[in-house]
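**Student:** Make a model of this:
(one chain, ligands or ions: 1)
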Amino acid sequence: MSFPTHRPRRLRQSAAMRRLVAEVRIHPADLILPVFVREGATEPIPLQSMPGVVQHTQDSLRSAAAEAAELGLGGIMLFGVPETRDATGSASLDPAGVLNAGIRAVKQEVGDSLVVMSDLCLDEFTDHGHCGVLTADGVVDNDATLEIYGRMGVAQAEAGADMVGPSGMMDGQVVVIRQALDDAGHQDTAILAYAAKYSSAFYGPFREAVDSQLTGDRKTYQMDPANRREAMLEVSLDLDEGADLVMVKPAMSYLDILRDVAEVSDVPVSAYQISGEYAMIEAAAANGWINRDQAIIESVLSIRRAGADSVLTYWASELARWIKEGRL
Ligand code: PBG
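**Tutor:** Residues are numbered from 1 along each chain as shown. Below is the predicted model:
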């Protein structure tokens with residue numbers, strides 16, 4: 001046998017060869033674009049900590065959705081930024097509230113050409129910024145919150161959401177929302193469960209994006225970054241409760257979790273490349289410290305490679321455009 005017997009470099013010698021043997025690809029249909037819609041906005045408001053991302057008006061939201069559909073994205077995930085907030089987040093239930101109105105506008109714009117998804121959580125709507133309602137002692141009240149989540153799911157389905165995304169990490173949220181949807185005749189509204197969602201510093205820029213009123217943290221309901229085994233418990237509970245898809249979030253610091261989940265899940269697995277992941281790459285690139293486009297592609301590829309079938313990323317439309325232009 002002559003040395004060397006294997007020359008792995010053979011398959012790396014040209015772009016064509018590398019493309020042929022690439023194990024994962026990024027396809028527009030695997031990408032989901034998260035968007036923010038702000039009540040009362042008369043023009044799109046740029047977010048300082050997320051350069052390139054805006055809080056949309058209802059009109060600019062429609063255009064973003066139309067563009068996403070045109071680019072062949074898999075879905076669009078809506079977050080609402082209300083003008084007024086209260087202790088129970090009641091604007092989330094108002095059919096004319098900013099999020100429900102946004103869902104209705106987007107659904108009208110894109111019809112069935114794009115999966116319309118909505119964040120199902122109270123933090124954008126409460127004046128204390130927590131994902132649920134509080135007890136008299138100021139503790140997040142799991143079961144009282146579930147009752148509101150159920151009604152919120154129905155309101156979103158009625159507005160036209162194809163899929164709801166419960167992101168509050170309350171115990172039992174998937175089954176309660178499923179039951180509420182079914183009771184209201186929305187058997188076909190799907191649930192994308194934020195199954196393994198960690199309490200993360202990388203949500204920082206999102207808090208600006210939704211004008212979060214939170215002081216303190218979410219450590220009593222979101223997962224501890226130290227835990228891996230617990231993610232499997234969260235995922236199996238959500239699967240038992242009827243989740244149609246499960247998600248891991250954040251993505252890049254949790255690729256091991258994503259791999260674990262992808263190995264056991266019998267439903268599609270999603271991962272959310274969150275605001276802080278976006279901001280870090282944009283900031284480093286703005287300083288000329290990394291190549292922006294290559295870093296974006298590499299980061300999303302790593303998430304796909306770890307096992308995500310679909311990826312929520314603020315670069316979804318831009319990536320799809322690159323793919324269309326044959327740059328990727
Ligand atoms: C909660 C929610 C959050 C994000 C999505 N849904 C914030 C949080 O849990 O504090 C974060 C998304 C991001 O950082 O991009 N409704």
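
**Student:** Return the lengthiest helix in the chain as CSV; C-alpha atoms alone will do.
**Tutor:** Identified as the longest helix of the chain according to DSSP state H is helix 142-159. Taking C-alpha atoms only, helix 142-159 is exported to CSV below (Å, rounded to 0.1, in the frame of the first residue of the first chain):
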residue,chain,number,x,y,z
ASN,A,142,-47.5,28.9,36.1
ASP,A,143,-51.1,27.7,36.0
ALA,A,144,-52.8,31.1,35.9
THR,A,145,-50.5,31.9,33.0
LEU,A,146,-51.5,28.7,31.1
GLU,A,147,-55.1,29.8,31.1
ILE,A,148,-54.2,33.0,29.3
TYR,A,149,-51.8,31.2,26.9
GLY,A,150,-54.8,29.0,25.9
ARG,A,151,-56.9,32.0,25.0
MET,A,152,-53.9,33.7,23.3
GLY,A,153,-53.4,30.7,21.1
VAL,A,154,-57.1,30.9,20.1
ALA,A,155,-56.8,34.6,19.4
GLN,A,156,-53.8,34.1,17.2
ALA,A,157,-55.3,31.2,15.3
GLU,A,158,-58.4,33.3,14.7
ALA,A,159,-56.2,36.1,13.4
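
**Student:** If you drop the residues flanking it in sequence, what lies closest to Gly165?
**Tutor:** Using C-beta to C-beta, 6 or more residues apart in numbering and skipping residues adjacent in sequence, the residue nearest Gly165 is Leu192, 4.5 Å away. Heads up, the C-betas are built off the backbone N, CA and C, glycines and all.

**Student:** Report all helices and strands that the helix or strand where the one you found lies contacts.
**Tutor:** For Leu192, the enclosing helix or strand under DSSP states H and E is strand 190-197. Using 3 or more C-beta pairs under 8 Å, 6 or more residues apart in numbering; DSSP states H and E, the elements in contact with strand 190-197 are strand 163-166, helix 173-183, helix 229-240, strand 245-249, helix 255-264.

**Student:** tell me the mean pLDDT for it?
**Tutor:** In this model, strand 190-197 has an average pLDDT of 98.

**Student:** How about residues contacting that strand?
**Tutor:** 117, 162-169, 173-174, 177-178, 181, 222-223, 231, 234-235, 237-238, 241-249, 254, 257, 261, 270, 272 (C-beta atoms under 8 Å, 6 or more residues apart in numbering).

**Student:** before we move on, what about stretch 149-163?
**Tutor:** Contacts with stretch 149-163, where a contact means C-beta under 8 Å, 6+ apart, come from 75, 92-95, 99-101, 103-104, 106-108, 112, 115-118, 120, 122, 164, 166, 168, 170, 173, 176-177, 179-181, 184, 186, 189-192, 244-245.

**Student:** can I get the helices and strands packed on strand 190-197 in JSON lines with distance to the ligand, mean pLDDT and mean neighbour count?
**Tutor:** Converted to JSON lines, those look like this (distance: least, C-beta to the nearest ligand atom, whole Å; pLDDT from 0 to 100; neighbours: other C-beta atoms under 10 Å):
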{"stretch": "strand 163-166", "distance to the ligand": "8", "mean pLDDT": "98", "mean neighbour count": "27"}
{"stretch": "helix 173-183", "distance to the ligand": "12", "mean pLDDT": "98", "mean neighbour count": "21"}
{"stretch": "helix 229-240", "distance to the ligand": "14", "mean pLDDT": "98", "mean neighbour count": "17"}
{"stretch": "strand 245-249", "distance to the ligand": "7", "mean pLDDT": "98", "mean neighbour count": "26"}
{"stretch": "helix 255-264", "distance to the ligand": "16", "mean pLDDT": "98", "mean neighbour count": "18"}
